[in-house]
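Student: Quick check, what structure comes out for this input:
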Amino acid sequence: MYKKILVAVDGSHTSKLAVQEAVKMASLTSGTVHAVYVVDKSPIFNYAGYFDPTVLTDALRSDGRNALENVEATCRQSGVACANELVETEPLNDDIAQTLQRCAERLGAELVVLGTHGRRGMKRIVLGSVAEHFVRIATCPVLLVRGSDEKDEAGQ
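Tutor: Numbering: from 1, shown residues only. As a prediction, this is how the structure comes out:
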């Protein structure tokens, strides 16, 4: 059964739902939740002429640390072992899904849990889908947890 469970977090309501599912699975299997927050540096450099990329990167890292602390608290409350990691995409040629896949391989993850917003149509085309890309390149089982855009947009 799944003992090494990687869960991707971004601080959204949907990723919190994914954490809850990862914790449930880990509690059933006496497994460990390994939370990963990916700092996506690739778009930052597109705006480097307008904004200081160091300031933006530092803000993303801070957001990531907060999201990972929340995962630790959730795991602690449920009595589930937890590890966490803040990782960064390689500038210009990398994306979140590829970075998560490298983490999953390095950790020997037996299951990866991801939240998905379930966007359709133009929103999906414009925003893309990390979950969809990850499922296409994953080398282990993936559990997708569907959330809703409305709650994420409202900041809940």
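Student: contacting residues around the residue nearest to Tyr2 when sequence neighbours are not counted?
Tutor: Nearest non-adjacent residue to Tyr2, counting by CB to CB, 6 or more residues apart in numbering: Leu111, 4.0 Å away. In this view, the C-beta of every residue, glycine as well, is placed from N, C-alpha and C. Residues in contact with Leu111 (CB atoms under 8 Å, 6 or more residues apart in numbering) are 2, 4-6, 25, 140-143.
Student: after the helix or strand bottoming out on mean pLDDT in the chain, next one along is what?
Tutor: Ranked by mean pLDDT, DSSP states H and E, the weakest helix or strand in the chain is helix 121-127, scoring a mean of 46. Moving toward the C-terminus from helix 121-127, the next helix or strand (DSSP states H and E) is helix 130-137.
Student: Name the surrounding residues that touch that following helix.
Tutor: For helix 130-137, the external contacting residues (CB under 8 Å, 6+ apart) are 8, 95-98, 100-101, 112, 114-116, 142, 144.
Student: I'd like to know which of those residues are part of helices.
Tutor: Residues of those located in helices (DSSP state H): 96-98, 100-101.
Student: wait, doesn't Arg76 sit right on Cys82?
Tutor: Yes: Arg76 is within contact range of Cys82, at 7.1 Å (criterion: CB atoms under 8 Å).
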